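Participant: What follows is a predicted protein model with its sequence.
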Amino acid sequence: MEISLFSILILGFVLGVKHAIEPDHIIAVSTIASHSKKLWRSSLAGVFWGVGHTLTLFIVSMLIIAFKFEIPEKWALSFEFLVGIMLVYLGLTSFLSFKKKKIHVHHHEHGGLQHNHFHDKQSCPDHQHRDISYLKSMFIGIIHGLAGSAAMVILTMSTVQSIGQVVLYLLVFGLGTLTGMLLFTTIIGAPFVFTANSKSKLNQVLTQVAGGISIVFGFYYMYNLGFTEGLFQMWFK
C-alpha cells in the first residue's frame, strides 16, 4: 500500500471519529443510552448507531458515485431537517419517560389462596430494566448517515481517485465513526448507569435533562436549516 494512501486512510479514520462526536449525533444517542442500567448496553447502543450510520452512508455514497448523480441541495438540507425532527421526538420520549406510571402485577399463592401484588416497575427489583432499543439506535444512525451522504461523497471524491480507494476510504471512515461513538456513548452512559439504582431522583433528572437538551437542540437545528440555510424558501418559493 502506498504511503500516501495509508495517510489518507488514517485521516479518514480520524475524521470518522470526529464525525461521530458531532453534537447532533451525541445528543441523539444519549437519549437512548439514558435508558440503560448496564454500561455495556450503553456501549452497544453506540455500536448499533455506528453500524446504521456506516451502512447507509456506504450504500448511498456508492449509488451516487456509480450512477453519477448529485443530491440537490434542497433534498440534502431536507434530510438534515429530518435529523432535527428526530431529535425533538427522541427528546420528548426521553423527557416524558418518567411521567407514565408503569404498574406490574405479581401473582402469589399462600396457603392455597391466590392474591396479587401491584408494583410500580421502577420500584420493583425484578423490573429495573428499561431496555435499550438497539433497532432504534441503528435507525438513528441510518437517519444521520442519510443526512450526511451528500457531504461525504464530496469529501471522498476530493480525497481518493479510484473506486477501490473509495470503498476502502468509506469503510475506514465508518470504522472511525463506530469507534468514536462506542467510546463516547460509554462515557455518556456512565452517569445514567451509576445513578440508575439510586433511591434519589438524580437518574430521573439526568434523563429529563438529556431529553430537554435534545428537544431544544432539535428545534434550533430545524430553525437554522429552515431560515439561515434557506430550506423553507427553497420549498415554498
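Facilitator: Right, received. Where do you want to start?
Participant: Okay, buried residues for stretch 216-224 please.
Facilitator: 217, 218, 221, 222 (16 or more other Cβ atoms under 10 Å). Every residue, glycine included, has its C-beta placed from N, CA and C.
Participant: Output these in JSON lines; the columns should cover distance to residue 161, pLDDT and secondary structure.
Facilitator: Listed next are these as JSON lines, based on distance: Cβ to Cβ, whole Å; pLDDT from 0 to 100; DSSP: H, G, I helix; E, B strand; the rest coil:
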{"residue": "217", "distance to residue 161": "38", "pLDDT": "97", "secondary structure": "helix"}
{"residue": "218", "distance to residue 161": "38", "pLDDT": "97", "secondary structure": "helix"}
{"residue": "221", "distance to residue 161": "34", "pLDDT": "96", "secondary structure": "helix"}
{"residue": "222", "distance to residue 161": "37", "pLDDT": "97", "secondary structure": "helix"}
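Participant: For the residue nearest the centre of the chain, give me its contacts.
Facilitator: Taking Cα atoms, centre = their mean, the centroid of the chain lies closest to residue 29, which sits 3.6 Å from it. By Cβ atoms under 8 Å, 6 or more residues apart in numbering, the contact list for residue 29 reads 45, 46, 49, 137, 140, 181, 185, 188.
Participant: which element is it on?
Facilitator: Using DSSP states H and E, the element containing residue 29 is helix 23-33.
Participant: Pull out the buried residues from that helix.
Facilitator: 24, 25, 26, 27, 28, 29, 30, 31, 32, 33.
Participant: what's the distance between residue 147 and residue 83?
Facilitator: According to Cβ to Cβ, to the nearest Å, residue 147 and residue 83 sit 5 Å apart.
Participant: Which one's more surrounded, the two?
Facilitator: Taking other Cβ atoms under 10 Å, residue 147 and residue 83 do not tie; residue 147 has more neighbours (24 against 21).
Participant: Please report how far the nearest residue to residue 159 once chain neighbours are set aside lies from residue 38.
Facilitator: Distances taken as Cβ to Cβ, 6 or more residues apart in numbering put residue 8 closest to residue 159, at 5.8 Å, once the chain neighbours are dropped. As judged by Cβ to Cβ, residue 8 and residue 38 stand 38 Å apart.
Participant: If you count surrounding residues, which of those two has more?
Facilitator: More crowded of residue 8 and residue 38, by other Cβ under 10 Å: residue 8, with 18 against 14.
Participant: residue contacts, that one?
Facilitator: 159, 160, 165, 169.
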